[in-house]
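Colleague: pasting a predicted model and its sequence here:
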Amino acid sequence: MRSLSTGAVEDPYSARFHLCRSGRHPDGAQPVEGLRMSQGFAHTPVMVDDVVSLFGPVPAGLVVDATVGGGGHAAALLRAHPHLEILGIDRDVEAVAAARATLAPFGDRARVVHAPFDRLIELVAEALASRDEPASGVLFDLGVSSPQLDRAERGFSYRADAPLDMRMDRSQPLTAASVVNSWPEDELVELLAANGEGRFARRIVKAIIEARPLLTTMQLVEVVRAAIPAPARRTGGHPAKRVFQALRLAVNDELALLGPALDQALSLLAPGGRCVVLAYHSGEDRIVKDRFRSAATGGCSCPPGLPCVCGARPSVRLVFRGARRPSPAEVSANPRAESARLRAVERVTPRASTNGEPRSATLVGTMPSPTVPRAVSRAVSAAAIAALAAQEAAATEGEAAAKAKALRGKAA
Ligand SMILES: C[S@@+](CC[C@H](N)C(=O)[O-])C[C@H]1O[C@@H](n2cnc3c(N)ncnc32)[C@H](O)[C@@H]1O
């Protein structure tokens, strides 16, 4: 499926990784801000103090870092909160290796798996199978890492020549070259227009099609530059910035995966558990905002200010209104944090439905349930837990329905 943004384009960077340029550490790891980072990764996690304090009040147990990257946020959480363990997920094998090295000092409080975060329910069910507990939290720090941007051979950067790649998971077949060289004109125009190239989208796409095949980042940069009229080139940053961002979002299907993953995350949380998201792109942030609002209102359709009579059942509360932004001091120390927006919700005890029964989420948690004896709950297999949680996500958000069906099939 192809993902399209609907919002203004922002800086593509997120968490700030730097390639290490200093000498080798004797054991192959680099000490960075008190953390051990794997050779080649160094990281300043964005809004780390906010993230750490937001997970302070969650119940003891497992926090999923769904975008573990180099493990910076995960390490800060483990250091600050002895009651937490981490399951780190990333679809980039280089990030997985870096996070494993960073988190090694925390022993069995941390494990890291190579997977996409839209398999969240399944991965958590595997991790928790023997304990039959819900998750205490889920963190998403969206976007790309600096090594992905800064390592020329990854093909994300419009500043370095490399094959047009842009895959976070290099085992997937779709690359930026496939998109550029094989997508039909109208689909490419739609992709670029949705990412802020409005006026010039068709001109750029026509130039791309004429120049096919385009194999390298610099070939694409030159075609885009030539297609944009000179006066427009002097405004709005690098002329190829939006095109590269649009391609990156499409290659990695970033926006399409986010909503279902958020649904899964919310359905996994224990009462008091929190989901915290850092977004760096207005399209991403809109998805987060909409999902959180819908879960916090239970989809209530009653007029504002009047008591709810539509039977909506909120499953979360907003921990704070709106989005938090990084401080000016953080942005000046780490310009890649500039576009960050932080949102957080907390799972509330599921309300009883009209017939007095709790929602299926109770099955996923450890709360005693009048309809489901604990012994039965304990015996539920990992796959069945996954199916139940997905079922709840599907009940509140239609988009998860397909996922739930697939998981139920697995459980059978
Ligand atoms: C901004 S970095 C995270 C940095 C991390 N918070 C840290 O402190 O080191 C984002 C990471 O998310 C990963 N990522 C993006 N989309 C993903 C997805 N759908 N599934 C799994 N990982 C994903 C990227 O590969 C990248 O490593």
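Modeller: Perfect, thanks for sending it.

Colleague: for the ligand, what are the nearby residues on the stretch 201-350 of the chain?
Modeller: residue 257 (CB under 6 Å from any ligand atom). Heads up, the C-betas are built off the backbone N, CA and C, glycines and all.

Colleague: let's see 8 Å
Modeller: Contact residues, the stretch 201-350 of the chain versus the ligand (CB under 8 Å from any ligand atom): 252, 253, 254, 257, 258, 261, 278, 280.

Colleague: by neighbours, which of those residues wins?
Modeller: Within those, most neighbours by other CB atoms under 10 Å means residue 278, with 31 neighbours.

Colleague: do I have it right that that residue meets residue 45?
Modeller: No. Using CB atoms under 8 Å, residue 278 is not in contact with residue 45, being 9.0 Å away.

Colleague: just the residues of the stretch 201-350 of the chain next to the ligand now: which is nearest the ligand?
Modeller: The ligand lies nearest to residue 257 out of those, by CB to the nearest ligand atom, at 4.8 Å.

Colleague: which element is that closest one on?
Modeller: Assigned by DSSP states H and E, residue 257 belongs to helix 254-268.

Colleague: low-confidence stretches in the stretch 151-300 of the chain?
Modeller: Counting by pLDDT under 70, the stretch 151-300 of the chain has low-confidence residues at 236.

Colleague: so where do the helices sit in it?
Modeller: Using DSSP state H, counting those that start in this stretch, the helices of the stretch 151-300 of the chain run over residues 176-182, 185-192, 201-211, 217-227, 230-233, 241-251, 254-268, 282-297.

Colleague: which one of those helices lies nearest to residue 105?
Modeller: helix 254-268 (26.7 Å; CB to CB).

Colleague: what's the neighbour count on residue 179?
Modeller: With other CB under 10 Å as criterion, residue 179 counts 20.

Colleague: hmm, residue 251 and it touching each other?
Modeller: Yes. Applying CB under 8 Å as the test, residue 179 and residue 251 come out as touching, 6.1 Å apart.

Colleague: make CSV from the helices of the stretch 151-300 of the chain and add distance to residue 74 to it.
Modeller: Output for these, formatted as CSV (distance: least, CB to CB, whole Å):
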stretch, distance to residue 74
helix 176-182, 29
helix 185-192, 33
helix 201-211, 39
helix 217-227, 31
helix 230-233, 41
helix 241-251, 24
helix 254-268, 16
helix 282-297, 20
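
Colleague: and the helix holding residue 257, what does it pack onto?
Modeller: helix 120-128, strand 135-141, strand 269-279, helix 282-297, helix 361-364, helix 382-396 (3 or more CB pairs under 8 Å, 6 or more residues apart in numbering; DSSP states H and E).

Colleague: pLDDT score assigned to the residue in the chain that the ligand sits nearest to?
Modeller: Nearest to the ligand in the chain, going by CB to the nearest ligand atom, is residue 69, at a distance of 2.5 Å. Residue 69 carries a pLDDT value of 96.

Colleague: could you count how many residues lie near it?
Modeller: Look at residue 69: counted by other CB under 10 Å, it has 30 neighbours.

Colleague: give me the phi and psi for it.
Modeller: Main-chain dihedrals, residue 69, degrees, to the nearest 10: phi 50, psi -130.

Colleague: now residue 68. Nearest residue, chain neighbours left out?
Modeller: Excluding the flanking residues, the one nearest residue 68 by CB to CB, 6 or more residues apart in numbering is residue 88, at 3.1 Å.

Colleague: angle of the host helix or strand of the one you found against helix 120-128?
Modeller: Here residue 88, judged by DSSP H and E, is contained in strand 84-90. Inter-element angle recorded for strand 84-90 and helix 120-128: 130 degrees (by axes from the mean of the first three to the mean of the last three CA atoms, to 10 degrees).

Colleague: next structured bit after strand 84-90?
Modeller: helix 93-103.

Colleague: show me the common contact partners of residue 278 and residue 45, please.
Modeller: 51, 141 (CB atoms under 8 Å, 6 or more residues apart in numbering).

Colleague: so residue 110 touches residue 103, yeah?
Modeller: Yes. The pair residue 110 / residue 103 is scored as a contact, 3.9 Å apart, by CB under 8 Å.

Colleague: what touches both of the two?
Modeller: Joint contacts of residue 110 and residue 103 (CB under 8 Å, 6+ apart) are 71, 74, 78, 86, 88.

Colleague: pull the most distant pair out of those.
Modeller: Greatest spacing in the shared contacts of residue 110 and residue 103, by CB to CB: 78 and 88 (10.3 Å).

Colleague: tell me, what's touching the two both at once?
Modeller: 103, 110.

Colleague: burial measure for the residue lying closest to residue 106 once chain neighbours are set aside, as a count.
Modeller: Leaving aside its chain neighbours, residue 106 sits nearest to residue 78 (4.7 Å; criterion: CB to CB, 6+ apart). Per other CB under 10 Å, the neighbour tally for residue 78 reads 22.

Colleague: I figured residue 78 was touching residue 103, is that so?
Modeller: Yes. Counting by CB under 8 Å, a contact exists between residue 78 and residue 103, whose distance comes to 7.1 Å.

Colleague: including distance to residue 231, could the residues of the stretch 201-350 of the chain next to the ligand go into a markdown table?
Modeller: Listed next are these as a markdown table, based on distance: CB to CB, whole Å:
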| residue | distance to residue 231 |
| --- | --- |
| 252 | 33 |
| 253 | 35 |
| 254 | 32 |
| 257 | 38 |
| 258 | 36 |
| 261 | 41 |
| 278 | 36 |
| 280 | 29 |
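
Colleague: coming back round to it: would you mind getting the angle between the helix holding residue 257 and strand 135-141?
Modeller: For helix 254-268 against strand 135-141, the angle by the same axes, to 10 degrees is 160 degrees.

Colleague: show me what contacts residue 139?
Modeller: 51, 55, 63, 64, 65, 66, 67, 73, 77, 275, 276, 277.

Colleague: and the helices in the stretch 1-150 of the chain, which stretches?
Modeller: 48-54, 72-80, 93-103, 120-128, 146-150.

Colleague: out of those, which gets nearest to residue 270?
Modeller: Closest among the helices of the stretch 1-150 of the chain, using CB to CB: helix 120-128, at 10.8 Å.
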